[in-house]
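> 3D model of this:
(one chain, ligands or ions: 1)
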Amino acid sequence: MKVIHNYALQVNPTMEEKLNDKGKKITRWNGTRADKETRYAHFNIHKYTILKDKERWSIDLIKMSLQRSVKPVISCSFGIDSIIDVYLTRKALIELGRDPSDIDIVWNDTANEFKEVRQYQKYITELWKLRLYVTKPKKTLKHIIDDNGGITSDYFFTRKGDRRGGRPLSEKCCGTLKHDPMKRITKDMQWDLLVVGLRADESSQRLKAGLRDGEYFYSSAEWKAFVVRPILWWTEKDVWEYVEQEGIPYNELYLKNMIQEYPMNTEEIVFANKELIESVGLDYYDLGDRETQIVNRKQAIILEKLGFKLFTPRTGCMMCPIPVKYGYMQWIRLNYDKVYNAMVYNLGYGEALVSMIPKEVREEIEYIMGIELTPENIHIHLREILEVKPCTFDKF
Ligand code: SF4
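Here you go, the predicted model:
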(Lines give C-alpha, C1' and ligand atoms only; values in the text may rest on other atoms or scores of the structure.)
Protein backbone atom coordinates (compact mmCIF):
# COMPACT_ATOMS: atom_id res chain seq x y z
CA MET A 1 0.00 0.00 0.00
CA LYS A 2 2.93 2.31 0.76
CA VAL A 3 4.20 1.91 -2.82
CA ILE A 4 0.84 2.94 -4.25
CA HIS A 5 0.65 5.86 -1.87
CA ASN A 6 4.11 6.91 -3.09
CA TYR A 7 2.99 6.77 -6.71
CA ALA A 8 0.07 9.07 -5.87
CA LEU A 9 2.37 11.45 -4.01
CA GLN A 10 5.14 11.56 -6.58
CA VAL A 11 3.38 11.47 -9.96
CA ASN A 12 2.22 15.05 -10.24
CA PRO A 13 3.14 16.39 -13.67
CA THR A 14 3.83 20.07 -14.15
CA MET A 15 5.00 21.79 -17.29
CA GLU A 16 7.74 24.36 -17.18
CA GLU A 17 8.53 26.74 -20.03
CA LYS A 18 11.95 28.28 -20.39
CA LEU A 19 14.35 29.68 -22.95
CA ASN A 20 17.24 27.59 -24.23
CA ASP A 21 20.78 28.86 -24.98
CA LYS A 22 19.61 30.19 -28.34
CA GLY A 23 16.71 32.08 -26.80
CA LYS A 24 14.11 29.61 -28.09
CA LYS A 25 11.16 28.71 -25.86
CA ILE A 26 11.23 25.06 -24.74
CA THR A 27 8.94 23.07 -22.49
CA ARG A 28 9.99 20.63 -19.85
CA TRP A 29 7.88 18.23 -17.81
CA ASN A 30 8.52 17.52 -14.16
CA GLY A 31 6.94 14.98 -11.83
CA THR A 32 5.87 12.57 -14.58
CA ARG A 33 7.42 9.51 -12.90
CA ALA A 34 7.85 8.16 -9.41
CA ASP A 35 11.35 7.76 -7.97
CA LYS A 36 13.44 4.68 -8.61
CA GLU A 37 12.72 3.14 -5.22
CA THR A 38 8.97 3.24 -5.90
CA ARG A 39 9.28 2.02 -9.52
CA TYR A 40 11.49 -0.90 -8.46
CA ALA A 41 9.62 -1.80 -5.27
CA HIS A 42 7.26 -4.42 -6.70
CA PHE A 43 9.83 -5.62 -9.24
CA ASN A 44 12.23 -6.50 -6.44
CA ILE A 45 9.74 -8.75 -4.68
CA HIS A 46 7.34 -9.95 -7.36
CA LYS A 47 9.00 -13.36 -7.75
CA TYR A 48 8.24 -14.19 -4.12
CA THR A 49 4.80 -12.62 -3.94
CA ILE A 50 1.68 -14.77 -3.89
CA LEU A 51 -1.07 -14.14 -6.40
CA LYS A 52 -3.53 -12.96 -3.76
CA ASP A 53 -1.20 -10.10 -2.82
CA LYS A 54 -0.53 -9.21 -6.43
CA GLU A 55 -4.27 -8.99 -7.00
CA ARG A 56 -4.54 -6.64 -4.00
CA TRP A 57 -1.75 -4.34 -5.30
CA SER A 58 -3.36 -4.26 -8.73
CA ILE A 59 -6.81 -3.35 -7.43
CA ASP A 60 -5.39 -0.71 -5.08
CA LEU A 61 -3.31 0.74 -7.90
CA ILE A 62 -6.36 0.94 -10.16
CA LYS A 63 -8.45 2.50 -7.40
CA MET A 64 -5.81 5.15 -6.76
CA SER A 65 -5.50 5.97 -10.47
CA LEU A 66 -9.29 6.07 -11.00
CA GLN A 67 -9.71 8.44 -8.07
CA ARG A 68 -7.27 10.84 -9.74
CA SER A 69 -8.94 10.62 -13.14
CA VAL A 70 -11.96 12.30 -14.73
CA LYS A 71 -12.17 10.24 -17.95
CA PRO A 72 -10.39 6.89 -17.75
CA VAL A 73 -10.31 4.20 -20.43
CA ILE A 74 -9.14 0.60 -20.57
CA SER A 75 -7.22 -0.32 -23.70
CA CYS A 76 -8.42 -3.82 -24.58
CA SER A 77 -7.30 -6.14 -27.37
CA PHE A 78 -9.50 -8.95 -25.98
CA GLY A 79 -6.31 -10.85 -25.28
CA ILE A 80 -5.92 -12.34 -21.84
CA ASP A 81 -3.79 -9.56 -20.30
CA SER A 82 -6.19 -6.80 -21.17
CA ILE A 83 -9.14 -8.94 -20.08
CA ILE A 84 -7.49 -9.33 -16.67
CA ASP A 85 -7.20 -5.53 -16.59
CA VAL A 86 -10.91 -5.18 -17.35
CA TYR A 87 -11.77 -7.78 -14.70
CA LEU A 88 -9.60 -6.12 -12.03
CA THR A 89 -10.92 -2.66 -12.90
CA ARG A 90 -14.48 -3.94 -12.50
CA LYS A 91 -13.54 -5.23 -9.04
CA ALA A 92 -11.91 -1.86 -8.23
CA LEU A 93 -15.05 0.01 -9.32
CA ILE A 94 -17.22 -2.22 -7.11
CA GLU A 95 -14.90 -1.52 -4.14
CA LEU A 96 -15.30 2.20 -4.88
CA GLY A 97 -19.08 1.74 -4.73
CA ARG A 98 -19.50 2.30 -8.47
CA ASP A 99 -21.09 0.42 -11.36
CA PRO A 100 -18.45 -2.04 -12.69
CA SER A 101 -19.45 -1.29 -16.29
CA ASP A 102 -19.11 2.47 -15.84
CA ILE A 103 -15.84 2.89 -17.68
CA ASP A 104 -14.87 3.38 -21.34
CA ILE A 105 -13.13 0.53 -23.11
CA VAL A 106 -11.28 0.99 -26.38
CA TRP A 107 -10.38 -1.70 -28.90
CA ASN A 108 -8.05 -0.93 -31.78
CA ASP A 109 -9.50 -3.12 -34.49
CA THR A 110 -6.65 -3.45 -36.99
CA ALA A 111 -8.97 -5.03 -39.61
CA ASN A 112 -6.57 -7.97 -39.32
CA GLU A 113 -8.11 -9.86 -36.40
CA PHE A 114 -8.78 -13.56 -35.81
CA LYS A 115 -12.40 -14.70 -35.96
CA GLU A 116 -11.99 -16.08 -32.41
CA VAL A 117 -11.16 -12.58 -31.18
CA ARG A 118 -14.19 -11.05 -32.91
CA GLN A 119 -16.51 -13.73 -31.52
CA TYR A 120 -15.10 -13.37 -28.02
CA GLN A 121 -15.28 -9.56 -28.21
CA LYS A 122 -19.03 -9.77 -28.94
CA TYR A 123 -19.56 -12.32 -26.18
CA ILE A 124 -17.70 -10.52 -23.39
CA THR A 125 -19.01 -7.07 -24.41
CA GLU A 126 -22.52 -8.37 -23.90
CA LEU A 127 -21.72 -10.42 -20.79
CA TRP A 128 -20.00 -7.58 -18.93
CA LYS A 129 -22.04 -4.76 -20.58
CA LEU A 130 -18.86 -3.06 -21.76
CA ARG A 131 -19.02 0.54 -23.00
CA LEU A 132 -16.89 -0.19 -26.03
CA TYR A 133 -15.32 2.20 -28.52
CA VAL A 134 -13.73 0.66 -31.62
CA THR A 135 -11.05 2.38 -33.69
CA LYS A 136 -10.25 1.62 -37.33
CA PRO A 137 -6.99 2.35 -39.11
CA LYS A 138 -6.89 4.71 -42.11
CA LYS A 139 -5.00 2.13 -44.19
CA THR A 140 -5.06 -1.65 -44.37
CA LEU A 141 -2.01 -3.86 -43.93
CA LYS A 142 -1.95 -4.47 -47.70
CA HIS A 143 -1.90 -0.73 -48.41
CA ILE A 144 0.93 -0.21 -45.96
CA ILE A 145 2.97 -2.96 -47.63
CA ASP A 146 2.20 -1.69 -51.15
CA ASP A 147 3.03 1.92 -50.20
CA ASN A 148 6.36 0.68 -48.94
CA GLY A 149 7.13 -0.94 -52.31
CA GLY A 150 6.39 -4.47 -51.10
CA ILE A 151 7.76 -6.77 -48.41
CA THR A 152 11.45 -6.87 -47.67
CA SER A 153 13.37 -9.13 -45.30
CA ASP A 154 13.59 -6.36 -42.70
CA TYR A 155 9.84 -6.75 -42.15
CA PHE A 156 10.46 -10.20 -40.72
CA PHE A 157 13.73 -9.78 -38.95
CA THR A 158 14.38 -6.16 -37.97
CA ARG A 159 13.45 -5.44 -34.41
CA LYS A 160 11.00 -2.58 -33.83
CA GLY A 161 13.01 0.41 -32.64
CA ASP A 162 16.10 -0.58 -34.67
CA ARG A 163 16.60 2.47 -36.91
CA ARG A 164 19.94 1.45 -38.46
CA GLY A 165 18.37 0.84 -41.88
CA GLY A 166 15.73 3.60 -41.51
CA ARG A 167 12.39 3.11 -39.77
CA PRO A 168 11.51 -0.61 -40.19
CA LEU A 169 8.28 -1.47 -41.97
CA SER A 170 6.97 -3.28 -38.87
CA GLU A 171 7.24 -0.04 -36.92
CA LYS A 172 5.43 1.97 -39.60
CA CYS A 173 2.80 -0.76 -39.67
CA CYS A 174 2.19 -0.65 -35.89
CA GLY A 175 2.07 3.15 -36.08
CA THR A 176 -0.61 3.16 -38.77
CA LEU A 177 -2.73 0.21 -37.62
CA LYS A 178 -2.56 0.71 -33.87
CA HIS A 179 -0.90 3.80 -32.44
CA ASP A 180 -2.30 6.51 -34.74
CA PRO A 181 -5.98 5.46 -34.32
CA MET A 182 -5.44 5.21 -30.55
CA LYS A 183 -3.86 8.67 -30.41
CA ARG A 184 -6.71 10.19 -32.42
CA ILE A 185 -9.45 8.71 -30.24
CA THR A 186 -7.61 9.48 -26.97
CA LYS A 187 -7.47 13.13 -28.01
CA ASP A 188 -11.08 13.23 -29.27
CA MET A 189 -12.47 11.51 -26.17
CA GLN A 190 -10.21 13.49 -23.84
CA TRP A 191 -9.27 10.38 -21.91
CA ASP A 192 -6.91 11.30 -19.10
CA LEU A 193 -6.00 7.80 -17.85
CA LEU A 194 -5.14 4.71 -19.92
CA VAL A 195 -5.33 1.32 -18.21
CA VAL A 196 -3.00 -0.99 -20.15
CA GLY A 197 -2.17 -4.69 -19.86
CA LEU A 198 1.60 -4.53 -20.30
CA ARG A 199 3.53 -7.27 -18.48
CA ALA A 200 7.27 -7.10 -17.93
CA ASP A 201 7.91 -10.82 -18.36
CA GLU A 202 6.79 -10.72 -22.00
CA SER A 203 10.11 -9.34 -23.32
CA SER A 204 13.28 -7.55 -22.24
CA GLN A 205 12.00 -4.38 -23.92
CA ARG A 206 8.84 -4.46 -21.81
CA LEU A 207 10.87 -5.09 -18.68
CA LYS A 208 13.02 -2.03 -19.49
CA ALA A 209 9.92 0.08 -20.15
CA GLY A 210 8.40 -1.19 -16.90
CA LEU A 211 11.40 -0.18 -14.84
CA ARG A 212 11.82 3.14 -16.62
CA ASP A 213 8.23 4.34 -16.16
CA GLY A 214 6.84 2.17 -13.36
CA GLU A 215 3.27 1.06 -12.80
CA TYR A 216 1.78 4.55 -12.86
CA PHE A 217 3.13 7.60 -14.69
CA TYR A 218 2.22 10.53 -16.87
CA SER A 219 2.94 10.09 -20.59
CA SER A 220 3.74 13.65 -21.61
CA ALA A 221 4.98 12.87 -25.12
CA GLU A 222 2.94 9.98 -26.48
CA TRP A 223 -0.51 9.92 -24.87
CA LYS A 224 -0.71 13.18 -22.92
CA ALA A 225 -2.51 11.18 -20.24
CA PHE A 226 -1.74 9.14 -17.14
CA VAL A 227 -0.98 5.48 -17.73
CA VAL A 228 -1.53 2.67 -15.25
CA ARG A 229 -0.15 -0.86 -15.71
CA PRO A 230 -1.98 -2.97 -13.12
CA ILE A 231 -0.41 -6.32 -14.04
CA LEU A 232 3.10 -5.13 -14.87
CA TRP A 233 4.66 -7.60 -12.41
CA TRP A 234 2.35 -10.55 -13.01
CA THR A 235 3.93 -13.57 -14.71
CA GLU A 236 2.23 -15.60 -17.42
CA LYS A 237 1.71 -18.33 -14.83
CA ASP A 238 -0.02 -15.82 -12.50
CA VAL A 239 -2.33 -14.79 -15.32
CA TRP A 240 -3.49 -18.35 -16.08
CA GLU A 241 -3.79 -19.30 -12.44
CA TYR A 242 -5.96 -16.24 -11.91
CA VAL A 243 -8.11 -17.05 -14.96
CA GLU A 244 -8.73 -20.51 -13.54
CA GLN A 245 -9.29 -19.29 -9.98
CA GLU A 246 -11.82 -16.64 -11.02
CA GLY A 247 -13.41 -18.58 -13.93
CA ILE A 248 -12.71 -15.75 -16.38
CA PRO A 249 -13.79 -16.62 -19.95
CA TYR A 250 -11.05 -16.22 -22.59
CA ASN A 251 -10.84 -16.41 -26.35
CA GLU A 252 -10.28 -19.77 -28.00
CA LEU A 253 -7.03 -18.81 -29.64
CA TYR A 254 -5.36 -19.68 -26.35
CA LEU A 255 -6.32 -23.33 -26.85
CA LYS A 256 -4.20 -23.57 -30.00
CA ASN A 257 -0.62 -23.77 -28.74
CA MET A 258 1.62 -25.92 -30.89
CA ILE A 259 4.48 -28.20 -29.90
CA GLN A 260 7.22 -27.30 -32.38
CA GLU A 261 9.96 -29.61 -31.11
CA TYR A 262 10.05 -32.46 -28.65
CA PRO A 263 13.15 -32.66 -26.45
CA MET A 264 15.74 -35.33 -27.34
CA ASN A 265 14.96 -37.34 -24.19
CA THR A 266 11.17 -36.98 -24.36
CA GLU A 267 10.47 -40.48 -22.98
CA GLU A 268 12.64 -39.91 -19.91
CA ILE A 269 11.15 -36.47 -19.24
CA VAL A 270 7.59 -37.72 -19.61
CA PHE A 271 8.27 -40.72 -17.39
CA ALA A 272 9.87 -38.57 -14.67
CA ASN A 273 6.98 -36.04 -14.71
CA LYS A 274 3.97 -38.34 -15.14
CA GLU A 275 1.95 -36.81 -12.31
CA LEU A 276 2.58 -33.23 -13.36
CA ILE A 277 1.71 -34.01 -16.98
CA GLU A 278 -1.53 -35.73 -16.04
CA SER A 279 -2.42 -32.98 -13.55
CA VAL A 280 -2.84 -30.51 -16.47
CA GLY A 281 -4.96 -32.97 -18.46
CA LEU A 282 -2.34 -34.18 -20.94
CA ASP A 283 -2.36 -37.77 -22.18
CA TYR A 284 0.84 -39.24 -20.78
CA TYR A 285 1.14 -42.00 -23.44
CA ASP A 286 0.40 -39.74 -26.43
CA LEU A 287 2.95 -37.23 -25.22
CA GLY A 288 5.60 -39.92 -24.67
CA ASP A 289 4.91 -41.20 -28.22
CA ARG A 290 5.28 -37.65 -29.58
CA GLU A 291 1.70 -37.73 -30.85
CA THR A 292 0.51 -34.53 -29.16
CA GLN A 293 0.62 -31.37 -31.26
CA ILE A 294 -1.89 -28.82 -29.93
CA VAL A 295 -2.17 -28.01 -26.20
CA ASN A 296 -3.88 -25.36 -24.09
CA ARG A 297 -1.95 -22.46 -22.53
CA LYS A 298 -1.61 -23.97 -19.07
CA GLN A 299 -0.24 -27.19 -20.59
CA ALA A 300 2.09 -25.15 -22.82
CA ILE A 301 3.60 -23.37 -19.79
CA ILE A 302 4.35 -26.72 -18.11
CA LEU A 303 5.80 -28.27 -21.28
CA GLU A 304 8.04 -25.27 -21.91
CA LYS A 305 9.46 -25.71 -18.41
CA LEU A 306 10.13 -29.38 -19.22
CA GLY A 307 12.19 -28.47 -22.30
CA PHE A 308 9.59 -28.71 -25.11
CA LYS A 309 9.68 -25.98 -27.76
CA LEU A 310 6.28 -24.40 -28.29
CA PHE A 311 4.65 -21.77 -30.42
CA THR A 312 2.08 -19.88 -28.37
CA PRO A 313 -0.22 -17.60 -30.41
CA ARG A 314 -1.17 -14.11 -29.32
CA THR A 315 -4.27 -12.13 -30.06
CA GLY A 316 -3.57 -9.21 -32.35
CA CYS A 317 -2.78 -8.97 -36.00
CA MET A 318 -3.45 -12.24 -37.76
CA MET A 319 -1.07 -11.60 -40.65
CA CYS A 320 1.75 -10.07 -38.67
CA PRO A 321 5.25 -10.73 -40.01
CA ILE A 322 7.01 -10.27 -36.68
CA PRO A 323 6.45 -13.82 -35.28
CA VAL A 324 7.54 -15.47 -38.58
CA LYS A 325 11.02 -15.91 -37.08
CA TYR A 326 9.46 -17.90 -34.21
CA GLY A 327 7.67 -20.47 -36.40
CA TYR A 328 4.42 -18.57 -37.04
CA MET A 329 4.08 -19.75 -40.65
CA GLN A 330 3.89 -23.37 -39.51
CA TRP A 331 1.22 -22.57 -36.94
CA ILE A 332 -0.85 -20.51 -39.37
CA ARG A 333 -0.46 -23.14 -42.12
CA LEU A 334 -1.76 -25.89 -39.85
CA ASN A 335 -4.61 -23.89 -38.31
CA TYR A 336 -5.76 -21.29 -40.88
CA ASP A 337 -4.98 -22.37 -44.44
CA LYS A 338 -6.86 -19.47 -46.09
CA VAL A 339 -5.00 -16.91 -44.01
CA TYR A 340 -1.73 -18.69 -44.82
CA ASN A 341 -2.44 -18.47 -48.56
CA ALA A 342 -3.37 -14.79 -48.28
CA MET A 343 -0.09 -14.07 -46.51
CA VAL A 344 2.01 -16.06 -48.96
CA TYR A 345 0.38 -15.00 -52.21
CA ASN A 346 -1.66 -11.81 -51.68
CA LEU A 347 0.58 -9.94 -49.27
CA GLY A 348 3.82 -11.10 -50.92
CA TYR A 349 5.33 -12.89 -47.89
CA GLY A 350 6.03 -15.93 -50.11
CA GLU A 351 8.22 -14.02 -52.56
CA ALA A 352 10.21 -12.45 -49.76
CA LEU A 353 10.58 -15.65 -47.72
CA VAL A 354 11.46 -17.94 -50.59
CA SER A 355 14.67 -16.05 -51.19
CA MET A 356 15.61 -16.53 -47.53
CA ILE A 357 15.17 -20.30 -47.19
CA PRO A 358 18.24 -22.04 -45.78
CA LYS A 359 20.69 -23.63 -48.24
CA GLU A 360 20.01 -27.22 -47.15
CA VAL A 361 16.23 -26.77 -47.61
CA ARG A 362 16.76 -25.24 -51.05
CA GLU A 363 19.03 -28.13 -52.09
CA GLU A 364 16.45 -30.66 -50.93
CA ILE A 365 13.75 -28.92 -53.01
CA GLU A 366 16.06 -28.75 -56.02
CA TYR A 367 16.62 -32.49 -55.72
CA ILE A 368 12.86 -33.26 -55.54
CA MET A 369 11.94 -30.85 -58.35
CA GLY A 370 14.93 -31.69 -60.51
CA ILE A 371 15.77 -28.06 -61.28
CA GLU A 372 18.32 -25.53 -60.10
CA LEU A 373 16.82 -22.68 -58.10
CA THR A 374 18.53 -19.33 -58.57
CA PRO A 375 17.74 -15.87 -57.16
CA GLU A 376 16.28 -15.07 -60.59
CA ASN A 377 13.92 -18.04 -60.96
CA ILE A 378 13.03 -19.02 -57.38
CA HIS A 379 10.01 -16.70 -57.21
CA ILE A 380 8.53 -18.13 -60.37
CA HIS A 381 8.47 -21.59 -58.76
CA LEU A 382 6.88 -20.50 -55.47
CA ARG A 383 3.68 -22.56 -55.86
CA GLU A 384 5.52 -25.70 -56.94
CA ILE A 385 7.99 -25.33 -54.08
CA LEU A 386 5.15 -25.20 -51.56
CA GLU A 387 3.45 -28.14 -53.22
CA VAL A 388 6.50 -30.41 -52.98
CA LYS A 389 7.47 -29.14 -49.54
CA PRO A 390 4.57 -27.42 -47.72
CA CYS A 391 6.70 -26.86 -44.62
CA THR A 392 9.30 -24.74 -46.49
CA PHE A 393 8.51 -21.61 -44.44
CA ASP A 394 8.03 -23.39 -41.12
CA LYS A 395 11.46 -22.57 -39.72
CA PHE A 396 13.89 -19.71 -40.20
S1 SF4 B 1 1.53 -6.19 -34.85
FE2 SF4 B 1 2.42 -6.71 -36.86
S3 SF4 B 1 0.77 -6.57 -38.44
FE4 SF4 B 1 0.07 -5.62 -36.49
S5 SF4 B 1 0.45 -3.51 -36.78
FE6 SF4 B 1 2.27 -4.30 -35.73
S7 SF4 B 1 3.69 -4.96 -37.36
FE8 SF4 B 1 1.69 -4.58 -38.31
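> so what's Lys181 up against?
Rather than Lys, residue 181 is Pro. Neighbour list for Pro181: Asn108, Thr135, Lys136, Pro137, Lys138 [criterion: Cβ atoms under 8 Å, 6 or more residues apart in numbering]. Heads up, the C-betas are built off the backbone N, CA and C, glycines and all.
> run the last query once more with 10 Å
Remark: with contacts taken as Cβ atoms under 10 Å, 6 or more residues apart in numbering, Pro181 is in contact with Val106, Asn108, Asp109, Thr110, Val134, Thr135, Lys136, Pro137, Lys138.
> Could you export those residues as TSV, including secondary structure?
As requested, the contacts of Pro181 are arranged in TSV below (DSSP: H, G, I helix; E, B strand; the rest coil):
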residue	secondary structure
Val106	strand
Asn108	strand
Asp109	coil
Thr110	coil
Val134	strand
Thr135	strand
Lys136	coil
Pro137	coil
Lys138	coil
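> Now a PyMOL select for only the buried ones of the residues you listed.
To isolate the buried subset of the contacts of Pro181 in PyMOL, counting by 16 or more other Cβ atoms under 10 Å, use the following:
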select buried, resi 106+108+109+110+135+137
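> The ligand next: which of the contacts of Pro181 are close?
Thr110 (Cβ under 6 Å from any ligand atom).
> just the contacts of Pro181 now: which is nearest the ligand?
Within the contacts of Pro181, proximity to the ligand (Cβ to the nearest ligand atom) peaks at Thr110, which comes in at 5.6 Å.
> what's the pLDDT at that closest one?
Reading off the per-residue confidence, Thr110 sits at a pLDDT of 94.
> Skipping its backbone neighbours, what lies nearest it in space?
In this structure, Thr110 finds its nearest non-sequential neighbour in Leu177, 4.3 Å apart by Cβ to Cβ, 6 or more residues apart in numbering.
> Can you point out the buried residues in stretch 76-96?
Buried residues in stretch 76-96, counting neighbours by 16+ other Cβ under 10 Å, are found at 76-93.
> Out of those, which are close to the ligand?
Taking Cβ under 6 Å from any ligand atom, there is no overlap between the buried residues of stretch 76-96 and the neighbourhood of the ligand.
> Just the ones of these in helices?
With helices defined by DSSP state H, the entries of these inside them are 80-93.
> got the residues you listed as a markdown table, with distance to Val270 and pLDDT columns?
Rendered in a markdown table, the data for these read as follows (distance: Cβ to Cβ, whole Å; pLDDT from 0 to 100):
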| residue | distance to Val270 | pLDDT |
| --- | --- | --- |
| Ile80 | 27 | 96 |
| Asp81 | 31 | 97 |
| Ser82 | 35 | 97 |
| Ile83 | 32 | 98 |
| Ile84 | 32 | 98 |
| Asp85 | 36 | 98 |
| Val86 | 38 | 98 |
| Tyr87 | 35 | 98 |
| Leu88 | 37 | 98 |
| Thr89 | 41 | 98 |
| Arg90 | 41 | 98 |
| Lys91 | 39 | 98 |
| Ala92 | 43 | 98 |
| Leu93 | 46 | 98 |
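> JSON lines for these, including distance to Leu373?
Below are those laid out as JSON lines (distance: Cβ to Cβ, whole Å):
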{"residue": "Ile80", "distance to Leu373": "42"}
{"residue": "Asp81", "distance to Leu373": "43"}
{"residue": "Ser82", "distance to Leu373": "44"}
{"residue": "Ile83", "distance to Leu373": "46"}
{"residue": "Ile84", "distance to Leu373": "48"}
{"residue": "Asp85", "distance to Leu373": "49"}
{"residue": "Val86", "distance to Leu373": "50"}
{"residue": "Tyr87", "distance to Leu373": "52"}
{"residue": "Leu88", "distance to Leu373": "54"}
{"residue": "Thr89", "distance to Leu373": "54"}
{"residue": "Arg90", "distance to Leu373": "56"}
{"residue": "Lys91", "distance to Leu373": "58"}
{"residue": "Ala92", "distance to Leu373": "59"}
{"residue": "Leu93", "distance to Leu373": "60"}
